Each structure stands twice: as C-alpha cells, then as structure tokens.
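[1] 3D model of this:
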Amino acid sequence: MTANQRPGSVTAIAIWLIVAGVFYALFALIFLLVQTFFASEDGRQMMLQEPEMQALPPEILDLMGPLFLGLGLISLVFAVICVVMSVGLFRLKGWGRMGTIIFHWVCIGLNAFQLLGSIFSAGTAGLTVLPTLLLLVFNLAIAGSIVYILQQPDVRQAFRPVSISDQSF
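    Model prediction:
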C-alpha cells in the first residue's frame with residue numbers, strides 16, 4: 001500500500017465518526033430542547049404536577065435547566081470533534097489520526113469509569129442496569145478497536161507524508 005492510499009478500515013472509522021457526530025448533534029438538540037422546557041415557567045409548573053417531582057427539593061428543579069444545557073453543549077462539542085476527526089481521516093492527515101486516537105482514549109476512560117460505577121451499583125439496581133452494562137462494554141470494544149486499528153503499521157504508513165521520491169510520474 002502506498003502512502004497516499006486510504007485503508008478501508010480508516011474509511012470505515014471515518015464513516016463511523018460521521019454517524020456518531022450526527023447522533024451527538026441529535027442528542028445536543030434534544031438536551032437543549034429539554035433545557036428550554038425546564039427554563040420556562042410553564043414547564044416548571046408542569047413538572048411540579050408530577051408526584052415524583054413534588055418529593056424533590058425545589059433546588060433540584062432549579063439545577064435541571066443548567067444540567068441539560070451543559071449536556072447539550074458537551075454533546076455539541078463531541079459532534080464537532082467527530083466530524084472534524086472524520087475529515088482528517090478521510091484526508092489522511094496525521095492530526096486526524098492522532099486526534100481520533102486521543103478522543104477514543106478519553107472515551108475509553110470515561111466508559112471504564114461509568115462501567116465500574118454501574119457494576120458497583122448493580123446490586124441495588126437489579127436487572128435495570130444490565131442494558132447500561134452492555135452498552136458500556138460495546139462502547140469500550142468500539143473505542144478500543146478504533147485505537148488498535150489506527151496504531152497498525154499499514155495504517156500509520158498511510159498517514160505519512162508523501163515525499164517527492166515516493167511519487168511516480
């Protein structure tokens with residue numbers, strides 16, 4: 001494989017990142033819409049009608065708006081990162097490969113932390129935590145696979161700059 005040919009695995013990862021970016025953008029939109037609901041007086045009054053919400057201290061409801069705003073902004077940042085990294089992978093840019101590796105190492109750390117928390121809370125939550133555990137294991141497997149693939153010698157070679165002596169005329 002020459003230095004400027006994109007391996008199929010890199011193309012698959014780039015497409016995966018675009019799909020992930022779309023989902024992060026959708027999550028951002030949902031979180032921001034929910035935040036708008038919690039920020040409105042009508043939404044707050046509606047939530048106070050629910051028996052579960054009446055049992056909570058009022059300060060909790062005050063934190064719901066900023067919480068969903070934060071989640072929306074984080075999802076939006078992740079969406080942008082995914083799309084930018086996919087462009088870097090499609091163009092075989094070294095920063096796209098390294099950025100994707102770093103991003104997925106962060107994802108591995110966050111998912112491992114969540115997995116440990118879910119395992120320790122499994123005794124109190126019963127079977128309701130099982131789908132969460134499966135999702136976290138799936139996320140860890142995907143992120144680990146992406147890091148592994150991007151570290152392979154043939155993939156690394158594809159991201160090396162093409163020198164004049166490598167080009168055939």
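
[2] so where is this structure shaky, pLDDT-wise?
    Within the chain, the ranges that satisfy pLDDT under 70 run 1-4, 121-129, 162-169.

[3] now do the helices in it.
    Counting by DSSP state H, the chain has these helices, from start to end: 8-39, 41-48, 51-54, 58-90, 94-125, 130-150, 153-158.

[4] for Leu140, what are its contacts?
    Counting by C-beta atoms under 8 Å, 6 or more residues apart in numbering, Leu140 touches Ile108, Asn111, Ala112, Leu115. Every residue, glycine included, has its C-beta placed from N, CA and C.

[5] I'd like those as a markdown table, with distance to Ala79 and neighbour count appended.
    Compiled in a markdown table, the contacts of Leu140 are given as follows (distance: C-beta to C-beta, whole Å; neighbours: other C-beta atoms under 10 Å):
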| residue | distance to Ala79 | neighbour count |
| --- | --- | --- |
| Ile108 | 19 | 17 |
| Asn111 | 18 | 21 |
| Ala112 | 23 | 14 |
| Leu115 | 23 | 17 |
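
[6] so who does Leu115 touch?
    With contact taken as C-beta under 8 Å, 6+ apart, Leu115 is in contact with Leu133, Leu136, Val137, Leu140.

[7] and the residue nearest the centre of the chain, how far from Val106?
    In the chain, the centroid-proximal residue (C-alpha atoms, centre = their mean) is Phe78; its distance is 5.7 Å. Distance check for Phe78 against Val106: by C-beta to C-beta, to the nearest Å, it reads 10 Å.

[8] for Gly99, same thing?
    When Gly99 is compared with Val106 (using C-beta to C-beta), they lie 11 Å apart.

[9] settle it for me: which of these two has more neighbours?
    The neighbour count for Gly99 versus Val106, taken as other C-beta atoms under 10 Å, is higher for Gly99 (16 against 12).
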